[in-house]
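Q: Sequence first, then the predicted structure, then my questions.
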Amino acid sequence: MAGDKEDERMQSNGARAGLLVVLAAAAVVLFVALSGGDDDSGGDETTSATSTATTATATEPAPPPPTAQIAIKDDAPVGGVEQIEVTKGDRVVLEVSSDAAGELHVHGYELEQELTPGKTATLRFPADIDGKFEIELHAASGAHAPVAELTVQPG
Amino acid sequence: VRSSSLRRTALAAALAAPAAALLLPELAGAHGLVGKQDLPIPAWLFAWGASLVLIVSFALLSVAWREPRLQDGGWREIGGAAGRALLSGPAQLFFGAVGVALLIAVVYTGLEGTPDPQRNFSLTFVFVTFWLGLVLLSVLFGDVFRAFNPWRAIARVVSGGFRLVAGQSAPAPLNYPERLGYLPAVVGLIAFAWFELIYAAGGLTVALDPHAVAVATLIYSAITFVCMALFGVDRWLERGEAFSVYFRMFSTLSPLEARDGTLGRRKPLSGTVAWGEVPWATTVVLTSIGVTSYDGASEGALSDAIGWVFDRGRDLGLGLVGAARFTDSFWLLVTLLAVSGLFWLGVRGMHTVSGSPPVRELGRAFAGTLIPIALAYLVAHYFSLFVYFEQAQFTYLLSDPLGDGSDLFGTADSAINYGVISANQVWYVQVGALVAGHVAALTLAHDRALALYDNVKLASRSQYWMLAVMVGFTCLGLYLLSEANA
């Protein structure tokens, strides 16, 4: 019986050592696989999600073009809810035109911008908080509608 | 709580744009609580987190102890006179009064205050300070909700009054059926989650409505009083009252525990061992994990699937709100079943090890080992939201609880500073919480197995199954974080 126990212990020690090896291998494989995937798909995602204007602000020093231009018609953004992606520290410049009076609200940053029909309003602010924020229209009719989503990646 | 506004965006995008524009005005009265969403954890951190989970798992197995160490908590008294004073009658009366005052505040502000969810005391208090904050307090200080429980406080005063007048305690008219266990609490927790995430958030409407919160609070209070009267105050609070059971579950992680009016300390985590002794205890833990998983998944991992079912609901002729609620309820149910399925699959596997008790008993024996994972899920999912909204709770919501422009403490003008934690800090806390919860859960499961099985070999063999379950839960948690708001 005592021999059995001893045997068991040896076996389980052997099994543990084996497990450790398997683990290390699994961890390495997983890590390589996942970080490899990061390079491929991650790269694609950023290029597709980043609007061309954003890239321009990052690279060209000269007069900064608007980060995004938003046109609002019938209380909804023309062309759907735009994804705006910037990096923390960037300057965000939004040019917003609307066919009706209302107010633009940038959540999280708690910025508000009056909208007058027929005029293009420009909203400038530094992207100093990272995270994902909704930009919403508070229309004069009382409607609240999302017009864009601002993603600020950490620098 | 989450910002449903982004979900609304997703759902609205699924609709034809003109239709959405026509319908949104009447539906979207208010916007969600959250001004900022967490960014998804980046792929490299996902990879590191998952690798770390595997490494610590096997490292734990290799250093594993051979005799159970946590099964006896070694409770001993601490705190002396101060501890006894905290648990004395007058102190309990005071804590109870605080609880009752807060209950009244929730109902009053909900009914009388502004409908703006961000400016009304009741919403942030119920869904953030109470629902999340008490979990934190329970983990740190033990079962504090017992002291603050307003329903218990009122019932004790009433039954004390009865004793004074009648000279004897009123007997409970019904015997609580032992087989029911925590089942009423499970139903209550799912109802709460449904109300918070589905009814109140209602897909398109985002109508987290303070008035509805006040009414729901009154209804739940009435149910609680009736059940306490039927089954006895202590019996109902032990088994049926959802919040008592839920917060007590998290308090089993605490090193502090009061026994018979005496404050004491025990080995960390050891309180979880007894958790599974009551029928349906497993389901309480799995419900907590499932509800958090659903909330996380609906922000990313499930958003396409949700959109698909939403469209089918619309095809069936459901209205926008109806289709949104139907869809969300469907996926909540699927998530709860999937989370339970993962656990019970592991238990079935474990059952193949010789000397195992019957499956149901075996599952209950390991119920407590999942509590650290339930906590890790909560931290990972709600940490940032809690940090933001407690700023509101203790500044402008305190000074202006009704949102009517009053300024009781001079803090009515402050705002939430969303920059107080950076995206990187949020990520590290999220992944750190999941890994720490995983280690705690594995530690508990290994210890439990040593107590349950005849020898170390069988115990270790059973734990390969639990290891798979735990790795599954932790990686699911990481995956949900990597997909949320992506």
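A: That came in fine, so what should we check first?
Q: alpha carbons only for contacts and neighbour counts from here, please
A: OK.
Q: what distance separates stretch B:222-230 from the middle of the whole chain?
A: Centroid separation for stretch B:222-230 versus its chain: 23 Å, with CA atoms, centre = their mean, to the nearest Å.
Q: A:Thr151: how many residues sit nearby?
A: Counted with other CA atoms under 10 Å in any protein chain shown, the neighbours of A:Thr151 add up to 27.
Q: I meant to write B:Pro177 there.
A: If you count neighbours by other CA under 10 Å, B:Pro177 ends up with 8.
Q: Tell me how far it lies from B:Leu183.
A: Per CA to CA, to the nearest Å, B:Pro177 is found 11 Å from B:Leu183.
Q: do B:Asp447 as well
A: For B:Asp447 relative to B:Leu183 (CA to CA), the value is 27 Å.
Q: again with A:His144
A: A:His144 sits 41 Å away from B:Leu183, going by CA to CA.
Q: for chain A, what spans make up the helices?
A: Ranges of helices within chain A are A:2-37, A:43-49, A:52-59, based on DSSP state H.
Q: Assign the nearest residue to B:Gly83 once chain neighbours are set aside to helix, strand or coil.
A: Among residues not flanking B:Gly83 along the chain, B:Leu263 sits closest, at 5.3 Å (CA to CA, 6 or more residues apart in numbering or on different chains). Following DSSP: H, G, I helix; E, B strand; the rest coil, the label given to B:Leu263 is strand.
Q: Now do B:Leu263: how many residues are near it, please.
A: Using other CA under 10 Å, B:Leu263 is surrounded by 23 other residues.
Q: Quick check: B:Ile421 is in a helix.
A: No. Counting by three-state DSSP, B:Ile421 is not part of a helix but coil.
Q: Show the pLDDT at it.
A: On pLDDT, B:Ile421 comes in at 91.
Q: Do a quick rundown of the helices in the stretch 151-300 of chain B.
A: B:183-193, B:210-231, B:233-239, B:242-251, B:281-298 (DSSP state H, counting those that start in this stretch).
Q: Between those helices, which one is closest to chain A.
A: Closest of the helices of the stretch 151-300 of chain B to chain A is helix B:281-298, at 15.2 Å (criterion: CA to the nearest CA).
Q: Report the inter-axis angle for that closest one versus helix B:183-193.
A: Counting by axes from the mean of the first three to the mean of the last three CA atoms, to 10 degrees, helix B:281-298 lies at 10 degrees to helix B:183-193.
Q: And helix B:281-298, what does it pack against?
A: Using 3 or more CA pairs under 8 Å, 6 or more residues apart in numbering or on different chains; DSSP states H and E, the elements in contact with helix B:281-298 are helix B:183-193, helix B:320-351, helix B:359-365, helix B:371-393, helix B:456-483.
Q: Where does the prediction get shaky in the stretch 201-350 of chain B?
A: Residue ranges of the stretch 201-350 of chain B with pLDDT under 70: B:201-207.
Q: make that chain A, sorry
A: A:1-64.
Q: got it, and the stretch 51-200 of chain B?
A: Within the stretch 51-200 of chain B, the ranges that satisfy pLDDT under 70 run B:200.
Q: swap in the stretch 351-486 of chain B?
A: For the stretch 351-486 of chain B, not a single residue meets the criterion pLDDT under 70.
Q: near chain A, which residues of it show up?
A: Counting by CA under 8 Å from any CA of the partner chain, the residues of the stretch 351-486 of chain B close to chain A are B:Tyr418, B:Gly419, B:Ser422, B:Ala423, B:Asn424, B:Lys457, B:Asn485.
Q: Pop out the phi and psi values for B:Thr252.
A: For B:Thr252, the backbone dihedrals (degrees, to the nearest 10) come out as phi -70, psi -20.
Q: Any idea how many residues pack against it?
A: The tally of other residues near B:Thr252 (other CA under 10 Å) stands at 26.
Q: cool, the one 3 residues further on as well?
A: The tally of other residues near B:Pro255 (other CA under 10 Å) stands at 20.
Q: Next: B:Leu434.
A: 29.
Q: Name the residues of the host helix or strand of it that come out as buried.
A: Using DSSP states H and E, B:Leu434 maps to helix B:423-452. Neighbour-count burial for helix B:423-452 flags B:423-424, B:426-427, B:429-452 (criterion: 16 or more other CA atoms under 10 Å in any protein chain shown).
Q: what inclination does it have with respect to helix B:456-483?
A: Angle between the axes of helix B:423-452 and helix B:456-483 is 160 degrees (criterion: the same axes, to 10 degrees).
Q: what helices or strands is helix B:423-452 leaning on?
A: Packed against helix B:423-452 by the contact rule (3+ CA pairs under 8 Å, 6+ apart) you find helix B:43-63, helix B:371-393, helix B:456-483.
Q: what about 10 Å?
A: In terms of contacts (3 or more CA pairs under 10 Å, 6 or more residues apart in numbering or on different chains; DSSP states H and E), helix B:423-452 is packed against strand A:131-139, strand A:144-153, helix B:43-63, helix B:359-365, helix B:371-393, helix B:456-483.
Q: Return the distance of the nearest residue to B:Leu87 once chain neighbours are set aside relative to B:Gly79.
A: In space, and not counting its chain neighbours, B:Leu87 is closest to B:Gly261: 5.6 Å by CA to CA, 6+ apart. Note on B:Gly261: its distance to B:Gly79, by CA to CA, is 12 Å.
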